[in-house]
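*Asks:* Return a 3D structure for these sequence lines:
(one chain, ligands or ions: 1)
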Amino acid sequence: MKPELAPQVAGSLTDSRRKFLEKTGLSMTLSLFGMSFFTACSSTDDADPTTPPVGGGGGNGISVSGNTTTIDLNIQQGLQTAGNWLLITNTRTLVANVNGSFVALTSVCTHSGCFDSWTFGNNRFTCRCHGSVFDPSGQVLQGPANAPLQQFTTQVSGTSLIITR
Ligand code: FES
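*Replies:* Residues are numbered from 1 along each chain as shown. Model (predicted):
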């Protein structure tokens, strides 16, 4: 059975750094104001499904103000490719490029609240905690979850993707 698509580094990491991170399973979760901040990831067909999300802060092109998250697509270039995605842990947000359109959902699983363990592939989000699967609009495709993920609005303005919760 082919493994579920796994998160990988979106944007600007070099191949060698990406391979290093894939092999070592390192994740980089930044702290800002004492809390976990951003985790960014994207998908490819051949990545190790156990690779944890990798992200950055400050220079990663993701900023939060109130209920609005803005992603600089020039920095998070990977998100411009269909099939790639991000998990922004501090705002509990999943973002994906689905066939050229952006979708954003809560990353708080409706089953039992896991928010930081997801994969995305074949336009489906899978919660790794117990295997619930959701479509890009948040509808449940497979339990144990039985309620949809909340969907957020997305808007592209210039080179920014704006997500409003
Ligand atoms: Fe997501 Fe259980 S918390 S499937």
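*Asks:* what's near enough to touch residue 146?
*Replies:* Contacts for residue 146 (C-beta atoms under 8 Å, 6 or more residues apart in numbering) come out as 110-111, 140. Placement of C-beta: from N, CA and C, glycine included.
*Asks:* Need the CA coordinates for stretch 74-93. CSV is fine.
*Replies:* Output in CSV follows, covering the C-alpha atoms of stretch 74-93 (Å, rounded to 0.1, in the frame of the first residue of the first chain):
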residue,chain,number,x,y,z
ASN,A,74,6.4,34.8,-2.6
ILE,A,75,7.9,33.3,0.5
GLN,A,76,5.6,30.3,0.8
GLN,A,77,6.1,29.5,-2.8
GLY,A,78,5.3,25.8,-2.4
LEU,A,79,1.7,26.7,-1.7
GLN,A,80,1.4,28.0,-5.2
THR,A,81,1.6,24.4,-6.5
ALA,A,82,-1.6,22.3,-6.5
GLY,A,83,-1.4,19.6,-3.9
ASN,A,84,0.8,21.5,-1.4
TRP,A,85,-0.4,22.6,2.0
LEU,A,86,0.4,24.2,5.3
LEU,A,87,-0.4,23.5,8.9
ILE,A,88,-0.3,26.7,10.9
THR,A,89,-0.3,25.3,14.4
ASN,A,90,-0.7,28.5,16.4
THR,A,91,-3.9,29.4,14.6
ARG,A,92,-5.0,25.8,14.2
THR,A,93,-5.3,26.2,10.5
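*Asks:* So is that stretch next to the ligand?
*Replies:* No - Stretch 74-93 lies out of reach of the ligand by C-beta under 6 Å from any ligand atom, never closer than 12.6 Å.
*Asks:* avg pLDDT for that stretch?
*Replies:* For stretch 74-93, mean pLDDT rounds to 92.
*Asks:* Just the ones of the contacts of residue 146 in strands?
*Replies:* If you go by DSSP state E, the contacts of residue 146 have residue 140 in strands.
*Asks:* for the residue nearest to residue 73 when sequence neighbours are not counted, phi and psi?
*Replies:* Spatial nearest neighbour of residue 73, chain neighbours left out: residue 159 (4.9 Å); criterion: C-beta to C-beta, 6 or more residues apart in numbering. Note on residue 159: backbone dihedrals following degrees, to the nearest 10 are phi -110, psi 20.
*Asks:* Residue 159 against residue 72, yeah?
*Replies:* Yes - in this structure residue 159 lies within contact range of residue 72 using C-beta atoms under 8 Å: 6.5 Å.
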